[in-house]
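Novice: For reference, the sequence and a predicted model appear below.
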Amino acid sequence: GEDVEQSLFLSVREGDSSVINCTYTDSSSTYLYWYKQEPGAGLQLLTYIFSNMDMKQDQRLTVLLNKKDKHLSLRIADTQTGDSAIYFCAERRNNAGNMLTFGGGTRLMVKP
Amino acid sequence: EPEVTQTPSHQVTQMGQEVILRCVPISNHLYFYWYRQILGQKVEFLVSFYNNEISEKSEIFDDQFSVERPDGSNFTLKIRSTKLEDSAMYFCASSVGQPNGKEEQFFGPGTRLTVL
């Protein structure tokens, strides 16, 4: 099937690193994205990675892409309580125009 | 910072009624999108719109749905005869429009549609 999968829930302590994982099945994906959704809010674009890259770092965020295993991860360093939200990965496939296919989201809970 | 806005934030309607959800995309963006998220489910693509016509649509986007850019700023989604299963959060998004580019899509806060 052509689906994007994420684990449902992650709980970390404030100050620790969080790693949110995502798997996808379509090898033609060109760009992969991470979005954040806070309660009652829309989807905020956090970062993206192009499929010919292995890693991208943006301040506290590190995106790792293993294209062979079709595995994407988002690492948040020094996680803060304000990072508590639902995180969605999304892929843009080469043969699907601009349409994004989303995972189900991972709820990150940061405990003080 | 420019952002996508949507109105209303919450719409309640009776089954069979028509609803229009409104969006104001970011002003220099050329591509516009609607997605929906049924409670507890994934965000699903509905339709993309470029140059005053639909560029892609999913199988969800059937004859009950239509989109329009009635003027230079608004982008609307119309559901002609709402069904209970249309209850969802509807997100509008827009992007600059970079063929084969990174195509960052910026999302609005969503309209929660409740069909009774």
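Specialist: Great, that's in hand.

Novice: so how far is chain B from residue A:3?
Specialist: Distance check for residue A:3 against chain B: by CB to the nearest CB, to the nearest Å, it reads 9 Å. (C-beta placed from N, C-alpha, C; glycine too.)

Novice: Excluding residues flanking it in the chain, which one is nearest that residue?
Specialist: Nearest in space to residue A:3, with sequence neighbours left out and distances taken as CB to CB, 6 or more residues apart in numbering or on different chains, is residue A:25 at 5.9 Å.

Novice: Can you give me the neighbour number for the one you found?
Specialist: Neighbour count for residue A:25, taken as other CB atoms under 10 Å in any protein chain shown: 13.

Novice: right, and it touches residue A:70 too?
Specialist: Yes - the pair residue A:25 / residue A:70 is scored as a contact, 6.2 Å apart, by CB atoms under 8 Å.

Novice: Could you give the bridge partners of residue 32?
Specialist: Here I'm looking at chain A. Under DSSP bridges, the beta-bridge partners of residue A:32 are residue A:49, residue A:91.

Novice: wrong chain, I was asking about chain B
Specialist: Here residue B:32, judged by DSSP bridges, has bridge partners residue B:49, residue B:94.

Novice: Report the separation between it and chain A.
Specialist: Distance, residue B:32 to chain A, by CB to the nearest CB: 10 Å.

Novice: contacting residues around that residue?
Specialist: By CB atoms under 8 Å, 6 or more residues apart in numbering or on different chains, the contact list for residue B:32 reads B:23, B:25, B:48, B:49, B:50, B:67, B:69, B:75, B:92, B:93, B:94.

Novice: Got the confidence number for the residue nearest to residue A:3?
Specialist: Looking at residue A:25, its pLDDT is 80.

Novice: Show me which residues of chain B are close to chain A?
Specialist: Taking CB under 8 Å from any CB of the partner chain, the part of chain B that reaches chain A is made up of B:4, B:31, B:33, B:35, B:41-45, B:48, B:55-56, B:58, B:91, B:93, B:95, B:100, B:102-110.

Novice: Now list the buried members of these.
Specialist: Buried subset of the residues of chain B next to chain A (neighbour count, 16 or more other CB atoms under 10 Å in any protein chain shown): B:4, B:31, B:33, B:35, B:42-45, B:48, B:56, B:58, B:91, B:93, B:95, B:103-110.
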